[in-house]
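K.L.:
sequence and predicted model, in that order:
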Amino acid sequence: VIRKEIERDGSGTVKLVAEEPEDMWHAYNLISAGDFVECTTLRKVANTNPNAPTTSQRVVPLRLEIQVVNVDFDSDACQMRISGPNQTPSEFVKTGAFHTLELELQKPFVIRKFEWDVFHLERIAEACNPSKSAELAVVVMTEGLAHVCLITESLTHVRARVAMNIPRKNVRQGGAGSHSKAMTRFYDSLLQAM
């Protein structure tokens, strides 16, 4: 939390920076339809040169506030996409035009709500408390397939996936040795993934 300004009636703004993936998960649970989110974004705009034979585009950084209509969270990319109508007058984006903001790690953003309830404020306090982010590493595996996961209080992150073909144990034809060697290679690969 960079700045928190909550009025007595419950309305107000909170400026946040997600420093780790867990913070993005908390932000995803804070933002809902009808809220307002403001951050820096990029917008492709057409160059308006009347002498140029073709039109070209350039990317312009803008600071926009949108009213949230849709929120998508990609835990693998640790990115949130928030779309809705623009509320900030700009020469490049009309007021009311739909735009999508991408929230990422280390990128500050502001959430404005008409009412911050107790659950939202508790979630912010929990996200700011480092003792709450206890982590657990887990390996879920079966013969030839393993997932290395990191479990936090709110999320499960798949850190690695190890898959290998393991031949069947065929004792009659002397296949136990190849099975054993394949399992050893599988465990070595799993150890490297961790």
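P.N.:
Good, I have the coordinates. Numbering: from 1, shown residues only.

K.L.:
what about the longest helix seen in the chain, distance to the chain center?
P.N.:
Ranked by number of residues, the top helix in the chain under DSSP state H is helix 176-193. Distance of helix 176-193 from the chain centroid (C-alpha atoms, centre = their mean, to the nearest Å) equals 34 Å.

K.L.:
and that helix, what does it pack onto?
P.N.:
The elements that helix 176-193 packs onto, with contact taken as 3 or more C-beta pairs under 8 Å, 6 or more residues apart in numbering; DSSP states H and E, are strand 145-151, strand 156-163. Heads up, the C-betas are built off the backbone N, CA and C, glycines and all.

K.L.:
angle of the shortest one against strand 156-163?
P.N.:
Okay, so that is strand 145-151. On the basis of axes from the mean of the first three to the mean of the last three C-alpha atoms, to 10 degrees, strand 145-151 is oriented at 160 degrees to strand 156-163.

K.L.:
pull up the pairing partners for strand 145-151, direction included.
P.N.:
Using DSSP bridges, strand 145-151 pairs in its sheet with strand 136-142 (antiparallel), strand 156-163 (antiparallel).

K.L.:
for the ones you listed, which one sits closest to residue 78?
P.N.:
strand 156-163 (9.0 Å; C-beta to C-beta).

K.L.:
how about residues contacting the closest one?
P.N.:
21, 75-76, 141, 144-151, 186, 189-190, 193-194 (C-beta atoms under 8 Å, 6 or more residues apart in numbering).

K.L.:
now with 10 Å?
P.N.:
For strand 156-163, the surrounding residues in contact (C-beta atoms under 10 Å, 6 or more residues apart in numbering) are 21-22, 25, 75-76, 78, 135-141, 144-151, 186-194.

K.L.:
in terms of mean pLDDT, which of the helices and strands packed on helix 176-193 ranks lowest?
P.N.:
When these are compared by mean pLDDT, strand 156-163 comes last with a mean of 80.

K.L.:
quick one: that one to chain centroid distance?
P.N.:
Centre to centre, stretch against its chain (C-alpha atoms, centre = their mean), the figure for strand 156-163 is 17 Å.

K.L.:
excluding its backbone neighbours, what's nearest residue 101?
P.N.:
Sequence neighbours aside, residue 82 is the residue nearest to residue 101 in space, at 4.8 Å (criterion: C-beta to C-beta, 6 or more residues apart in numbering).

K.L.:
is it correct that the one you found falls within a strand?
P.N.:
Yes. Judged by DSSP: H, G, I helix; E, B strand; the rest coil, residue 82 forms part of a strand.
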